[in-house]
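> structure here, sequence nowhere to be found:
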Ligand code: HEM
């Protein structure tokens, strides 16, 4: 036999061996690919979320003028989806909500609408992008996973509560307060005249009074239904018990009660946070 | 009346076994089947071929050329002088091999692919993550495509160098040029199919030339025909797919037939020194100068098939040397920084950087290819000898050199300047390939949460935690140093844990803009621990 025939045969043998090696590694490789792809999908979703969602849902899903997405009951099969009567999976619920939006709100504490996102329904995102951002939202579930033998995770925050007198607040830092109102999405409702809630800034109001000035007057006004006796107390009350006194718009008609989220005091703010926000609001004369 | 059986089964082999015994019958039957399939060679003949035994007389090895389908298209014998590596380097055969290799791997990939922007990319994910041997096939198809371009180009170069395009082989060259175009466009049309960022933008750049055809109306019309819409989408993808899997392979197969028929008709040209100037003796091979196809040519060709197949299998499997890339899903709205055309069209992209799109993108390529098509019809020098073709060969060498330079100019290293801070971050976290940041071992992420910058102290601190991360900040600093406009600027990088296993990298560069005002460039990169970019 010529050397070519011999070498060819050896090469064929080598190819077969390599094929066998590939075959043996295939399951692991495919799994790793899927895992890697899922991870990249979350990465892409994070970027999409950053570009489209944070104005309403908060920079890291902490909520703002739209519901908190980083929360336990959204991912609990007996939580949110049960409450709204959804028969599919949580992932499906989230995917569908993002794709089609919510023409009608089923959350009572918000009056905003979730926009439509998928191009299928006239939104701006391609289907794969909706999938990516869904993967990203679903990744919040890991924060709330109940490990066997452990109690249901509770937010590590020591909420200040909704009383305005029970405990005194520490001294506030207006600079941090300003950061907080952005992060928490308060500005989504309070930034400009005609927003979902009364505008805070003096240049946005007809009488030139910012929230810092108003806070000192509100509790003295006729029709005030709350219990505050100082500007600080008034602000504290407005934040932790928004319905204690529902203020009027500039045209004299009342704001809709319940639009402002009701859980800042009970779930989302610590005493220091509240103090800082109040300190900041008082600077907005 | 004797009863006639309505059905009678007769197996001649049974008679044979009875008559001659089992062993002899089996041997004879096998021989019979084999010699029918090979159109004339018995098992013994084949063994003789593989062993390289001298041909018996009469020579059974010529029978398949007369009676068989496949070998009837191959010559029975070659001239001794074209048997060694020189002059053909067997590049024509290798072109055929790569073409067939692509058809086989391509057909298998077709099973898992639908040409629609809605699912094409998902199909890729499926091929990579769900189809056993899927990535393997995809890698083979891709490396084979690159190989085919290389082989065809080298084959062309060799026929040019040996002057084989000259009379009487002008038309062989001409059909070869058609095959060159087919090869290039096959590769190019295939580029679009994965529907990822790389494919969409590489092809968009390549196709942008047609838009420049004057007058404007015609350019717009042609552009519309190519892309199926102002931008690539459903129609464009379908068109490229049909070109890729149907039209171009068909044209390629037909022209390979014509091309090779011409090669047989004229015989392989002998080395230029083997014959008198102006003579063409390739067809008259004296009896003592014949090398028979079986076994000499056949074993050489088959050896190359095994060699290249094994090499490619090695590269994409155990060797881990080559993998077809898959970037994020195509996004017509986001042009990644620094997209380039496929490498075999970089020279065109390079030419476009010289100047006018019409002149350099259309007229020049048109002139070059047109010139090549008709080369044998006006380059009429009778001699194929190198010594007589000094001018022609020098021009050829010059063309190769110029193409290489243009190719370099086509890369982003040459003459593309976007904003400096953007370039800096893109050097660390590019949009067209993983890059340094993603190549970092994900296990480092939790250790480096915090604020960093490109100052010496920060880099020193980073190095202590992770040399890889220190390296990255080093690169960040040296990238900033590359730009005059960023003199003295400190680049910042904040790393935070964002979600479970997901980290956020905030690049911030404060600089003084061209207008003299200070400006800030920010870019956020999210990275997941399991992103599998190969960092370790
Ligand atoms: C898919 C692409 C191609 C295939 C499959 C192919 C195949 C072949 C084969 C098998 C041969 C005979 C053996 C050899 O020279 O190795 C040949 C010869 C030849 N090819 Fe090609 N070829 C291709 C492209 C080209 C191109 C791009 C050119 C030049 C523009 C070209 C020009 C020639 C010429 C002039 C010959 C005759 C060589 C001689 O007789 O010495 N071919 N081709």
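Noted; the coordinates are in hand. Since this is a predicted model, take the numbers as computed values, not measurements. Numbering: from 1, shown residues only, chains lettered A, B, ... in the order given.
> check what contacts the least confident helix or strand in chain A by mean pLDDT and list those residues.
Within chain A, no helix or strand scores below helix A:187-190, which has a mean of 80 by mean pLDDT, DSSP states H and E. Counting contacts by CB atoms under 8 Å, 6 or more residues apart in numbering or on different chains, the residues outside helix A:187-190 that touch it are A:55-56, A:64-65, A:181, A:195-200, A:211, A:259-260. Backbone N, C-alpha and C define where each C-beta goes, glycine included.
> one more pass at 7 Å, please.
Residues from elsewhere that reach helix A:187-190 (CB atoms under 7 Å, 6 or more residues apart in numbering or on different chains): A:55-56, A:64-65, A:181, A:195-200, A:260.
> could you do stretch B:474-490 as well?
Contacts of stretch B:474-490 (CB under 7 Å, 6+ apart): B:420-421, B:424, B:427-428, B:436, B:453-455, B:459, B:491, B:493, B:509-511.
> for the least confident helix or strand of chain A, what is the distance to the chain centroid?
Offset of helix A:187-190 from its chain centre (CA atoms, centre = their mean, to the nearest Å): 15 Å.
> where does the prediction get shaky in chain A?
Chain A contains residues with pLDDT under 70 at A:1, A:104-112, A:146-156.
> what is the burial count for the closest residue to residue A:76 other than its chain neighbours?
Of all residues not flanking residue A:76 in the chain, residue A:144 sits nearest, at 7.5 Å (CB to CB, 6 or more residues apart in numbering or on different chains). Counted with other CB atoms under 10 Å in any protein chain shown, residues neighbouring residue A:144 total 19.
> residue A:144 against residue A:72, yeah?
Yes. Contact criterion CB atoms under 7 Å: residue A:144 and residue A:72 qualify, at 4.2 Å.
> show me the contacts for residue 197.
Using chain A here. Contacts of residue A:197 (CB under 7 Å, 6+ apart): A:189-190, A:255, A:259-260.
> right idea, wrong chain: chain B
Going by CB under 7 Å, 6+ apart, the list of residues near residue B:197 reads B:327-328, B:330-331, B:336.
> now do the helices in the stretch 1-150 of chain B.
B:12-20, B:22-37, B:43-51, B:63-67, B:69-72, B:91-110, B:120-129, B:134-161 (DSSP state H, counting those that start in this stretch).
> and the ligand, which of those helices is closest to it?
helix B:91-110 (2.4 Å; CB to the nearest ligand atom).
> for that closest one, name the packing helices and strands.
helix B:134-161, helix B:248-266, helix B:298-316 (3 or more CB pairs under 7 Å, 6 or more residues apart in numbering or on different chains; DSSP states H and E).
> what does the stretch 151-300 of chain B have sitting close to chain A?
Residues of the stretch 151-300 of chain B lying near chain A by CB under 7 Å from any CB of the partner chain: B:299-300.
> which bits of the stretch 151-300 of chain B sit near the ligand?
For the stretch 151-300 of chain B, the residues in contact with the ligand (CB under 6 Å from any ligand atom) are B:152, B:155-156, B:159, B:164-165, B:169, B:172-173, B:176-177, B:179-180, B:183, B:256, B:259-260, B:263, B:268-269.
> mind redoing it with 5 Å?
For the stretch 151-300 of chain B, the residues in contact with the ligand (CB under 5 Å from any ligand atom) are B:152, B:156, B:159, B:164-165, B:169, B:172-173, B:176-177, B:179-180, B:256, B:263, B:268-269.
> make a ChimeraX selection of the buried ones in these.
Buried subset of these, written as a ChimeraX selection, criterion 16 or more other CB atoms under 10 Å in any protein chain shown:
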select /B:152,156,159,164,165,169,172,173,176,177,179,180,256,263,268,269
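> ok, so of the residues of the stretch 151-300 of chain B next to the ligand, who is nearest chain A?
residue B:268 (19.7 Å; CB to the nearest CB).
> residue B:78 is in contact with the closest one, correct?
Yes. Using CB under 7 Å, residue B:268 is in contact with residue B:78, at 6.4 Å.
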